[in-house]
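>>> no FASTA, just this:
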């Protein structure tokens, strides 16, 4: 006989595989060594490794939110166009300065948006409702309530308030808030470093011309970009031939290398003669392979292995399959390893109507690549039905739709949610 | 009199303002100098400055998409479990190699996924439908059609095919496809460099402790992060006091600096005594101010100025307003200047039900910040009603909803689309 057919592996759902990973991985140990201090100016997209507690009141003074006059609200009660109030104009408040005077009953002071209210003042009358009678008197034609058009000294942020929790991923406005608090440096989790290995005798470097039977290394590039997209650092190992010893050496180096947090290996994970990846991962260190085989298409022969607290993920060799597993499995694992707490968002989606029926075997999740087109002001999702291994089918697609485990298909004209490629 | 009230500016819609910008800006000249060659490995998110035309067929050989046997399809016709076909096994095809033999009638050869079909073969029978009878004979229990389980030599990509057009923003799988084609280097548009200036006497550096009346510089940080988020490079100018000459000097430097493509100035754009920005921009060079005043809230006092083919955008000083204008106006302008052609996507959105009524004056677009909460398995959008200038209201929010120009409000229980902050 030429070769052995291994027994078909037992497939499990993505949710089950993530549960197994989360139960097996020691997150506490992992995050203990991941803190680093960075400057706020470089903090976009980083994940906080500390709770941020305000050390100040913001704005820290009673601030006008309008251009107008600082007044005592009680001096304006009952004022109207027909019966205006008249107040003594005692000065102008300069931006960025603490007023040198105190406001007495019957007095007003010119103030601009952002200016500090003088002591004694408790409201601002908008410019529109005032008239200059002389250089020392103004007329007010509308009353204001106490603290109207004023931001109180602790109204934006209160001292000792918890602003963000550990695990919060920083968005632009969050960085703005940290600037308001004077947090020049913050503690965040280190960026995740993800190693990428392409395996297969048929894989050649992109600067080579393929002989018949050879293909250029697509996965290193596509996976590397997807890793960058997630705010992580790709660590390129390169191409490893179908040789058990060379693969073992490469994986051992990833295991020992303290810089690498996670290793992706594409190829070598399907049932066949060249199935070294499983063997090598199982002897690389305990506990070994956690998951082999997922109920999804494409992507069934996925492997998740944990060796001495280091994660290795075996992806299918076909670029289309490798990318779909990355999108639906690896992204979730990376998000956990980044230390991010839950946030709304995830991948961008868009609603569309399905142009053709698509079918799937029940019991697995299936991803159908689609392109989007506008027809009569309605967005339609058109399935891109390429054969397995066609990278062009992925590049042509705008995104994909998912046929869930318990669905047998989706029907023409049905509303579908398209996960967009970014 | 203390000060002059300028006439209120005439507001226009965002769409009108973008139309004016697009009519006034010379895109052809702008893009002429923006090409640069980069390595594919660094191409994620970059925008192509050239059309990519395939120089090869991909895969370039007839490739098996399954593990099994390469055959002539006609030799399998009529084969079934009850009446199998018997073929002579003449060899095994090694991965990455061109088979040394040619297949004759009645012959089969062992092949793996990704292997090259020998001459004479035109289909692959999956392993599951075969049995080894001896080392020189196999049994086949299912027929295959010509080219079944085979990716033809030009089926993925055809030589001379246009793969991507100029203006295409590269996603991970697109980079994978360029790797398949051997495009080690590609021509893309240079990254956009966006200068940021914060103006106002009350603005202080984040490493200073604010005196009463002062606030730390929030916009430099929040806008810088939003610029990074868009794949552009922030160029930090810093804080400029309310001094016409100093502002003019700074803006002139931005005008002359060939590195800077676009300048954002926050503060100084509302009607008031410190309204130098307008004056300075109008004398910086022709044509001058294109837009002053947008029908949106917050964000009304926005300025768009074009001076000697350089763009300057004046944003409100309040961080909340500045960020909302960035999101709804500046993003679109930046996308144009990056050279991106249309793609599906844009900001992430999520559907929710509105928890409270919200109202707006007709004739302007209004942005209501919301936080999202789950209640009985339903997502609800809860308006965050902070006063103008509260940065915490933005940091607390998960996103915002938009009350359109022609809407007067949105109602409790209504389905709303929430644009998510990322």
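The structure has been received and is ready for your questions. On a predicted model such as this, the values are computed, not experimentally measured, just so you know.

>>> where along chain A do the helices fall?
Per DSSP state H, chain A carries helices over the ranges A:14-24, A:27-32, A:172-180, A:219-229, A:244-256, A:276-282, A:319-325, A:331-338, A:391-396.

>>> so which of those helices comes closest to residue B:297?
Residue B:297 lies closest to helix A:172-180 among the helices of chain A, at 17.5 Å (C-beta to C-beta). Backbone N, C-alpha and C define where each C-beta goes, glycine included.

>>> Which strands or helices does that closest one pack on?
Applying 3 or more C-beta pairs under 8 Å, 6 or more residues apart in numbering or on different chains; DSSP states H and E, we find helix A:172-180 packed against strand A:162-164, strand B:215-216, helix B:219-229, helix B:319-325, helix B:391-396.

>>> can you do 10 Å?
strand A:52-53, strand A:162-164, strand A:185-189, strand B:215-216, helix B:219-229, helix B:319-325, helix B:391-396 (3 or more C-beta pairs under 10 Å, 6 or more residues apart in numbering or on different chains; DSSP states H and E).

>>> relative to strand A:185-189, how tilted is it?
Orientation check (axes from the mean of the first three to the mean of the last three C-alpha atoms, to 10 degrees): helix A:172-180 against strand A:185-189 gives 140 degrees.

>>> May I see the buried residues of helix A:172-180?
With burial defined by 16 or more other C-beta atoms under 10 Å in any protein chain shown, the residues of helix A:172-180 counted as buried are A:172, A:173, A:174, A:175, A:176, A:177, A:178, A:179, A:180.

>>> With pLDDT added, can I get those in TSV?
Shown next, in TSV, are the buried residues of helix A:172-180 (pLDDT from 0 to 100):
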residue	pLDDT
A:172	94
A:173	92
A:174	94
A:175	96
A:176	95
A:177	94
A:178	96
A:179	96
A:180	95
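
>>> Okay, now stretch A:221-236: how far is its last residue from its first?
Terminal residues of stretch A:221-236 are spaced 9 Å apart (C-alpha to C-alpha, to the nearest Å).

>>> An error on my part: the question was meant for stretch A:238-250.
10 Å.

>>> Quick one: residues contacting the nearest residue to residue A:304 once chain neighbours are set aside.
Of all residues not flanking residue A:304 in the chain, residue A:291 sits nearest, at 4.0 Å (C-beta to C-beta, 6 or more residues apart in numbering or on different chains). Going by C-beta atoms under 10 Å, 6 or more residues apart in numbering or on different chains, residue A:291 touches A:9, A:11-12, A:14, A:16-21, A:24, A:302-306, A:313-314, A:329.

>>> pLDDT below threshold where in chain A?
Within chain A, the stretches with pLDDT under 70 are A:1-9, A:268-274, A:343, A:345-346, A:388.

>>> what do you get if the cut-off is 50, keeping everything else the same?
By pLDDT under 50, the low-scoring segments of chain A are A:1-8, A:269-270, A:273.

>>> If you count neighbours, what's buried in stretch A:207-217?
If you call a residue buried by 16+ other C-beta under 10 Å, then stretch A:207-217 has these buried ones: A:210, A:212, A:213, A:214, A:215, A:216, A:217.

>>> Keep these, but drop any that are not near chain B.
A:210, A:212, A:213, A:214, A:215, A:216, A:217 (C-beta under 10 Å from any C-beta of the partner chain).

>>> So residue A:350 sits against residue A:400, correct?
No. Applying C-beta atoms under 10 Å, one finds residue A:350 not in contact with residue A:400, separated by 11.6 Å.

>>> Go through the buried residues of helix A:172-180 and name the one nearest residue A:375.
Among the buried residues of helix A:172-180, and counting by C-beta to C-beta, the member closest to residue A:375 is residue A:172, at 36.3 Å.

>>> residues in contact with the closest one?
If you count contacts by C-beta under 10 Å, 6+ apart, then residue A:172 has A:43-45, B:221-229, B:319, B:323, B:326-327, B:394-395, B:421-422 around it.

>>> rerun that using 6 Å as the cut-off
B:222, B:225, B:226 (C-beta atoms under 6 Å, 6 or more residues apart in numbering or on different chains).

>>> ok, now residue A:385?
Counted by C-beta under 6 Å, 6+ apart, residue A:385 has zero contacts.

>>> One more: residue A:212?
Neighbours of residue A:212 in contact, by C-beta under 6 Å, 6+ apart: B:61, B:98, B:116.

>>> so what's the second one closest to, chain neighbours aside?
Read that as residue B:98. Per C-beta to C-beta, 6+ apart, closest to residue B:98 is residue A:212, 4.2 Å.

>>> Tell me how far that neighbour lies from residue A:127.
Distance, residue A:212 to residue A:127, by C-beta to C-beta, to the nearest Å: 80 Å.

>>> still on that earlier bit, who's more crowded, residue A:350 and residue A:400?
residue A:400 (24 against 19; other C-beta atoms under 10 Å in any protein chain shown).

>>> Residue A:91 and residue B:293, how far apart?
Note on residue A:91: its distance to residue B:293, by C-beta to C-beta, is 31 Å.

>>> typed the wrong thing, it's residue A:137
Counting by C-beta to C-beta, the gap from residue A:137 to residue B:293 is 32 Å.

>>> With residue A:260 instead?
Here the criterion is C-beta to C-beta. By it, residue A:260 lies 54 Å from residue B:293.

>>> what does residue A:354 give?
The gap separating residue A:354 from residue B:293 is 44 Å, by C-beta to C-beta.

>>> Looking only at neighbour counts, state which of those two leads.
Shown here are residue A:354 and residue B:293; by other C-beta under 10 Å, residue A:354 has more neighbours (22 against 18).

>>> who's that one bridged to?
residue A:381 (DSSP bridges).

>>> Double-check it against residue A:416; I have them as touching.
Yes. Under the criterion of C-beta atoms under 6 Å, residue A:354 makes contact with residue A:416 at 4.9 Å.

>>> Quick check: neighbours shared by the two?
Contact criterion C-beta under 6 Å, 6+ apart; residues shared by residue A:354 and residue A:416: A:381, A:410.

>>> Name the residue of the stretch 201-350 of chain A that lies nearest to chain B.
Per C-beta to the nearest C-beta, residue A:222 is where the stretch 201-350 of chain A lies closest to chain B, at 3.1 Å.

>>> Grab the nearest non-local neighbour of that residue.
Using C-beta to C-beta, 6+ apart, the closest residue to residue A:222 is residue B:176 (3.1 Å).

>>> Quick check: that neighbour touching residue A:221?
Yes. Counting by C-beta under 6 Å, residue B:176 does reach residue A:221; the two are 5.5 Å apart.

>>> Show me which residues of the stretch 201-350 of chain A are close to chain B?
Within the stretch 201-350 of chain A, the positions near chain B by C-beta under 6 Å from any C-beta of the partner chain are A:201-202, A:206-207, A:210, A:212-214, A:216, A:218, A:221-222, A:225-226, A:228, A:272, A:319, A:323, A:344-345, A:348.

>>> Sort out which of these are buried, if you could.
The neighbour count (16+ other C-beta under 10 Å) marks A:201-202, A:206, A:210, A:212-214, A:216, A:218, A:221-222, A:225-226, A:228, A:272, A:319, A:323, A:344-345, A:348 as buried among these.

>>> all strands for the stretch 251-400 of chain A, in order.
Taking DSSP state E, counting those that start in this stretch as the criterion, the stretch 251-400 of chain A contains strands spanning A:262-266, A:287-292, A:296-297, A:303-307, A:310-315, A:349-354, A:358-359, A:365-375, A:378-383, A:399-403.

>>> Would you mind getting the angle between the last one and strand A:349-354?
Right, strand A:399-403. Using the same axes, to 10 degrees: strand A:399-403 against strand A:349-354 is 70 degrees.

>>> and strand A:399-403 with strand A:365-375, angle?
Angle, strand A:399-403 to strand A:365-375, by the same axes, to 10 degrees: 130 degrees.
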